[in-house]
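**Q** predicted model and sequence below, questions to follow.
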Protein chains: 2
Amino acid sequence: MNNPRFNIAAVERDTGLSKDVLRVWERRYGFPVPGRDDHGERIYPAEQVERLRLVKRLMDAGHRPGKLLATPIDELNALAPRRPEPPGAASGAGVAAELGDLMSLIKQHDSVAYQQAMQQRLARQGLERFVQDTVAPFTRLVGAAWEEGSIEVFEEHLFTELTKRLLRQAIATLPGGKRSPCIVLTSVPDEPHVLGLLMAEALFALEGAECIPLGTQMPLLEIARAAAAHRADIVALSFSVAFPKRQIPGLLQQLRAVLPMGVALWAGGGGVKRLPEVTGVELLASLEHSLVALEAWRRTQA
Amino acid sequence: MNNPRFNIAAVERDTGLSKDVLRVWERRYGFPVPGRDDHGERIYPAEQVERLRLVKRLMDAGHRPGKLLATPIDELNALAPRRPEPPGAASGAGVAAELGDLMSLIKQHDSVAYQQAMQQRLARQGLERFVQDTVAPFTRLVGAAWEEGSIEVFEEHLFTELTKRLLRQAIATLPGGKRSPCIVLTSVPDEPHVLGLLMAEALFALEGAECIPLGTQMPLLEIARAAAAHRADIVALSFSVAFPKRQIPGLLQQLRAVLPMGVALWAGGGGVKRLPEVTGVELLASLEHSLVALEAWRRTQA
DNA sequence: GCAGGAAGTTTGTCCAGAACAAAATTACGA
DNA sequence: TCGTAATTTTGTTCTGGACAAACTTCCTGC
């Protein structure tokens, strides 16, 4: 029963590699080598899809496809994926252990205990530190577990859903009143990840900004219309690490071109790390940078 | 400044029409007719992108591309989208007027006033009637406006985002304690709409059920795993009207086959109306039916 | 020894036109 | 009038070639 047949569209969906790329890799590097169905269309075995996901992950980490696909030794591949530990040494081993505790709650599917633990941390740390020291690193941890396959899909979904709720709830309790600047938060089409946006929204709202959350996957022209309609000062986009890096500069340039002048364009998230500058666009390498950018924006307006 | 050059990838992003479809339409129907750049690649003028978006919207409303692209009279196209008003006469004119007020708040992009108005209604009606008498009909109203083009995409996104927050917040404030039955709520791949799930979750939680919200777009096998891991009594799926009806029976049968025996499978949302029965699956034609089903389930367990 | 530019390689995207199956519609027969 | 069969419509996939942008490597001159 458990032998799903992946056609090329399914592989594109599961790996994030476009159909064109899948076909050209097959031609150039001899991998993947899908079978064919009755009509001559490609059928990918689950094993190859798995390997493609590994390759994609290593590429996101900076490796080049030619090399990866030329090493037929799967063992070698399996050795590679240790990712450089993010510089968390400063916080000591305690933090990692605490995050590990949260992870085990997720893996025990104990949503009640997980929510309680997170609520406690929120109360103890305050929203700003909660976002920066708990949600962000734990999201990275879950992402890493997801990529190395040590977490079930439904576990990851549950984590995302519960964390979304926590953040939204925390944001809703922030005081209202006259707020500035006005920041439109959203993501481009094909970028469905929303946690990064919520983290940014929490920090911006804490700093007194007025946030317009438009959800994910807005067409570029609509983003521009929304910015004009809301008289936004800033448009903030989020790109996850999974988003095809190559497309980002072009996207930002296009959006910059259709955005009203005077509206700043900020882009953040794991996808914009190690990305070349784009004129007229502020690239935010981390959540901390977002706050710095906000402060800088305020100075320029003063 | 505002003369962006749309290449085929940009048009795919903004219209949701794949590159292959854009090329084959050009060949078959003679539209769109993009120019070419120095390298012979397609460059779409903004005007044609706009028309493509109109065509896509009309297709989502049930029209066929061959007809739409054969009518060169743009005026005729602009006239088409009127749809028959749904039978809302039963609720009287007052309700429609109140919903109209909410709609104007959305169209004025006044998210603060919209949230206040919704909060007021929630307090006045209580969660159950709020969901059934406000959120559900207003969602239908927004859907209708979307199909006839009288609402901007970003306005619809903002409505969805704000309403999601309201519902999640309301759900979070419900008391905890020993709850039963355990209901897993999610949607299948390619079904990203979450509002229906949230409405159902609110009603179920009110009735004392334990809800496991997994978000949207869960692969079928993962749904089965989640149900087993959480020892769920019921799996509840939501299908929006936009979901291809034809695929639903097969999907439900497949999921029924992999679900543990003893776990009930419920399917609701606009997509399951006027759908043939599927053995072992409970089709919920409306939110009220969900509550009836829950009561019935409880009787069978007593 | 190394900065920096030239030459070469890698790699993703695009193109054309054909083919075909799934979906939708129409035609037909009971 | 209803259900089934034929037909049209429509989206997806195929092949194999081309090319530019990004990245490496090599080379030259200080």
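**A** Perfect, thanks for sending it. Numbering: from 1, shown residues only, chains lettered A, B, ... in the order given.
**Q** C-alpha from now on. contacts and neighbour counts both.
**A** Will do.
**Q** okay, now the spatially closest residue to residue A:59 that is not a sequence neighbour: neighbour count?
**A** With CA to CA, 6 or more residues apart in numbering or on different chains as the measure, residue A:65 is the residue that lies nearest to residue A:59, at 6.6 Å, once sequence neighbours are left out. Neighbour count for residue A:65, taken as other CA atoms under 10 Å in any protein chain shown: 14.
**Q** ditto for residue A:5
**A** Neighbouring residues of residue A:5 were enumerated by other CA under 10 Å; the total is 14.
**Q** got a list of what it touches?
**A** A:43-46 (CA atoms under 8 Å, 6 or more residues apart in numbering or on different chains).
**Q** got a list of what residue A:288 touches?
**A** Counting by CA under 8 Å, 6+ apart, residue A:288 has no contacts.
**Q** mind checking pLDDT for it?
**A** Residue A:288 carries a pLDDT score of 93 in this model.
**Q** chain B versus that one, what's the distance?
**A** Taken as CA to the nearest CA, to the nearest Å, the spacing of residue A:288 relative to chain B amounts to 25 Å.
**Q** next, that residue: phi, psi?
**A** Taking degrees, to the nearest 10, you get phi -60, psi -40 for the backbone angles of residue A:288.
**Q** what helices and strands are in contact with the helix or strand that contains residue A:54?
**A** Taking DSSP states H and E as the definition, residue A:54 sits inside helix A:46-60. Applying 3 or more CA pairs under 8 Å, 6 or more residues apart in numbering or on different chains; DSSP states H and E, we find helix A:46-60 packed against helix A:8-15, helix A:65-70.
**Q** quick one: that helix to helix A:8-15, angle?
**A** In this structure, helix A:46-60 runs at an angle of 50 degrees to helix A:8-15, with axes from the mean of the first three to the mean of the last three CA atoms, to 10 degrees as the basis.
**Q** which stretches of the stretch 1-150 of chain A form strands?
**A** Per DSSP state E, counting those that start in this stretch, the stretch 1-150 of chain A has strands spanning A:35-36, A:42-43. These are given in chain order.
**Q** how about JSON lines for those strands, with mean pLDDT, distance to chain B and mean neighbour count added?
**A** Written out in JSON lines, the entries for the strands of the stretch 1-150 of chain A read as follows (pLDDT from 0 to 100; distance: least, CA to the nearest CA, whole Å; neighbours: other CA atoms under 10 Å in any protein chain shown):
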{"stretch": "strand A:35-36", "mean pLDDT": "90", "distance to chain B": "21", "mean neighbour count": "12"}
{"stretch": "strand A:42-43", "mean pLDDT": "93", "distance to chain B": "17", "mean neighbour count": "18"}
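**Q** and those as a markdown table, adding distance to residue A:243?
**A** A markdown table is the format used below for these (distance: least, CA to CA, whole Å):
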| stretch | distance to residue A:243 |
| --- | --- |
| strand A:35-36 | 28 |
| strand A:42-43 | 25 |
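**Q** for the residue nearest to residue A:241 when sequence neighbours are not counted, phi and psi?
**A** With CA to CA, 6+ apart as the measure, residue A:271 is the residue that lies nearest to residue A:241, at 4.1 Å, once sequence neighbours are left out. The phi and psi values for residue A:271, taken as degrees, to the nearest 10, are phi -70, psi -20.
**Q** follow-up on the earlier one: do the helix holding residue A:54 and DNA strand D meet at all?
**A** No - remark: helix A:46-60 sits outside contact range of DNA strand D, by CA under 7 Å from any atom of the strand, the gap being at least 10.9 Å.
**Q** looking at that helix now, give me its mean pLDDT.
**A** When the per-residue pLDDT values of helix A:46-60 are averaged, the result is 87.
**Q** that older thread, please check the contacts of residue A:5 and keep the buried ones.
**A** The neighbour count (16 or more other CA atoms under 10 Å in any protein chain shown) marks A:43-45 as buried among the contacts of residue A:5.
**Q** any chance of these in a markdown table, plus distance to DNA strand C?
**A** What follows is the buried ones among the contacts of residue A:5, written out as a markdown table (distance: CA to the nearest atom of the strand, whole Å):
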| residue | distance to DNA strand C |
| --- | --- |
| A:43 | 13 |
| A:44 | 17 |
| A:45 | 19 |
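**Q** residue A:184: what secondary structure?
**A** Here residue A:184 takes the strand state, with states given by DSSP: H, G, I helix; E, B strand; the rest coil.
**Q** now do residue A:156
**A** At residue A:156 the chain is in helix, as set by three-state DSSP.
**Q** is it in contact with residue A:142, as I believe?
**A** Yes - Residue A:156 sits in contact with residue A:142 when judged by CA atoms under 8 Å, with a separation of 7.1 Å.
**Q** quick check: the residue nearest to residue A:59 vs DNA strand D, distance?
**A** Taking CA to the nearest atom of the strand, to the nearest Å as the measure, residue A:65 falls 11 Å from DNA strand D.
**Q** distance to residue A:246 for the contacts of residue A:5 - can I get that in a markdown table?
**A** What follows is these, written out as a markdown table (distance: CA to CA, whole Å):
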| residue | distance to residue A:246 |
| --- | --- |
| A:43 | 27 |
| A:44 | 25 |
| A:45 | 28 |
| A:46 | 27 |
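**Q** and which of those residues is nearest DNA strand D?
**A** residue A:43 (7.2 Å; CA to the nearest atom of the strand).
**Q** can you tell if the helix holding residue A:54 touches DNA strand C?
**A** No - contact check for helix A:46-60 against DNA strand C, using CA under 7 Å from any atom of the strand: none in range, with a minimum separation of 7.7 Å.
**Q** now that helix: how far from the chain's centre is it?
**A** Averaging C-alpha positions (CA atoms, centre = their mean, to the nearest Å) puts helix A:46-60 18 Å from its chain's average.
**Q** with stretch A:44-52 instead?
**A** Shown here is stretch A:44-52, whose average C-alpha point lies 23 Å from the average C-alpha point of the whole chain (CA atoms, centre = their mean).
**Q** only alpha carbons, please: show it as CSV.
**A** Listed in CSV are the C-alpha atoms of stretch A:44-52, where the atom choice follows Å, rounded to 0.1, in the frame of the first residue of the first chain:
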residue,chain,number,x,y,z
TYR,A,44,10.3,8.7,-9.7
PRO,A,45,10.9,6.0,-7.0
ALA,A,46,10.6,7.3,-3.5
GLU,A,47,14.3,6.6,-2.9
GLN,A,48,15.3,9.0,-5.6
VAL,A,49,13.0,11.7,-4.3
GLU,A,50,14.6,11.2,-1.0
ARG,A,51,18.0,11.7,-2.4
LEU,A,52,16.9,14.8,-4.4
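**Q** which residue sits closest to the residue in the stretch 51-200 of chain A positioned nearest to chain B in space, ignoring its chain neighbours?
**A** Nearest residue of the stretch 51-200 of chain A to chain B, counting by CA to the nearest CA: residue A:158, 4.9 Å away. In space, and not counting its chain neighbours, residue A:158 is closest to residue B:214: 4.9 Å by CA to CA, 6+ apart.
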